[in-house]
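# No letters, just coordinates:
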Ligand SMILES: Cc1ncc(COP(=O)(O)O)c(C=O)c1O
């Protein structure tokens, strides 16, 4: 039998209603008046930035954040008008793109504030490096000077003061508290002096971990997509995975003992079985590290991926699924019947994090949007 008309070689189905609900669920963690900024960088963690942004706004987010100027410009070009922060470092050219997109930008040096002013002005969030060791200044006095420069420039607005936690997802780790103290000690006096300055520090893990980290706004990425910030089961935290990744059974073949599947013969059958070939591979973002190291759902059964993940195909030992047929849907991330494969499971097998699993889905995989099964 060949595949039916609805079979898709590789498909990422994204439930926008789940994103909305995840945002609303995270919003319930927040005291009144604390804003929720939805982080939609990296194409919405692989879910599609524009659709994710709209769903997040519908769910109660009032801010959006991206990493790169071009990401901000793309959201504006799509007609998204919400307050928008570009969190990443910006070259002079990128600063122009960000400011032209009416995005707020992040500063930690005074000459950057000068550049914003020279461009005609804009809104600036000053970043203290309280311990992440990436962007921002470690020097609280310098951060204050940058903030005063922004507050003092005629066409620049001091809109925010921020930091980012290194260990929020490592519960019990004391460094989180140290960062929190360092940030509060710097930022709260600054806000007393400049009350319009919004303080923000918390990512998803910090938001769930400690209300003291919420300040005036939280910046939520992973959780709004229904991914667990601690790498555990998202459902246990009432987060609903928004993305499912599927393919279909394109070929079924009987395999005798000693016969193999895939490059390098990394799977050699020890008994009679049959394999199902799914036309999806690392060219779609199904990583080669999943070779002999993943399960796939077919007909509601959890079956082992066997053999090498190649660019365009993977093989599954379908011996335990005698009813499997060509054209059957195969789920690599998502649910079928009572079985579920989470991005967290895939991440564990790859010794990485769920973020990388969804961000790693490549452009070749079409994203199809729905709201609880209804086309959206
Ligand atoms: C500066 C900053 N804030 C917030 C976030 C959102 O973090 P999370 O996805 O863990 O909620 C990120 C993402 O990496 C980030 O880089």
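Received it, and whenever you're ready, just let me know what you need. Worth saying up front: this structure is predicted, and the values here are computed from it rather than measured.

# and the residue in the stretch 151-300 of the chain that the ligand sits nearest to, how many neighbours does it have?
Distances from the stretch 151-300 of the chain to the ligand, computed as CB to the nearest ligand atom, single out residue 221 as the nearest residue at 2.5 Å. The way it works is simple: take the backbone N, C-alpha and C, and place the C-beta from them, glycine included. Close neighbours of residue 221, defined as other CB atoms under 10 Å, add up to 21.

# Return the residues in contact with it.
The neighbourhood of residue 221, defined by CB atoms under 8 Å, 6 or more residues apart in numbering, consists of 38-41, 45, 203-204, 355.

# Torsion angles phi and psi at it?
Reported as degrees, to the nearest 10, the phi and psi values for residue 221 are phi -110, psi -80.

# For it, give me the pLDDT.
At residue 221, the predicted lDDT confidence score is 99.

# Then residue 2?
Taken from the predicted model, the pLDDT recorded for residue 2 is 69.

# would CSV of the contacts of residue 221 with secondary structure be doable?
Rendered in CSV, the data for the contacts of residue 221 read as follows (DSSP: H, G, I helix; E, B strand; the rest coil):
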residue, secondary structure
38, strand
39, strand
40, coil
41, helix
45, helix
203, coil
204, helix
355, helix
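
# and these as a markdown table, adding neighbour count, distance to residue 100 and pLDDT?
Shown next, in a markdown table, are the contacts of residue 221 (neighbours: other CB atoms under 10 Å; distance: CB to CB, whole Å; pLDDT from 0 to 100):
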| residue | neighbour count | distance to residue 100 | pLDDT |
| --- | --- | --- | --- |
| 38 | 30 | 22 | 99 |
| 39 | 28 | 21 | 99 |
| 40 | 31 | 19 | 99 |
| 41 | 19 | 18 | 98 |
| 45 | 26 | 25 | 98 |
| 203 | 22 | 28 | 98 |
| 204 | 27 | 30 | 98 |
| 355 | 19 | 29 | 98 |
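
# Next one: residue 132 from the ligand, what distance?
For residue 132, the distance to the ligand (CB to the nearest ligand atom, to the nearest Å) stands at 8 Å.

# So which bits of the stretch 151-300 of the chain are right by the ligand?
164, 203-205, 219-223, 229 (CB under 6 Å from any ligand atom).

# Could you pull out the strands in the stretch 51-200 of the chain for me?
With DSSP state E, counting those that start in this stretch, the ranges of strands along the stretch 51-200 of the chain come out as 63-66, 84-86, 104-107, 122-127, 156-162, 198-200.

# could you redo those as TSV and give each row mean neighbour count and mean pLDDT?
Shown next, in TSV, are the strands of the stretch 51-200 of the chain (neighbours: other CB atoms under 10 Å; pLDDT from 0 to 100):
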stretch	mean neighbour count	mean pLDDT
strand 63-66	26	99
strand 84-86	26	99
strand 104-107	25	98
strand 122-127	25	98
strand 156-162	24	98
strand 198-200	23	98
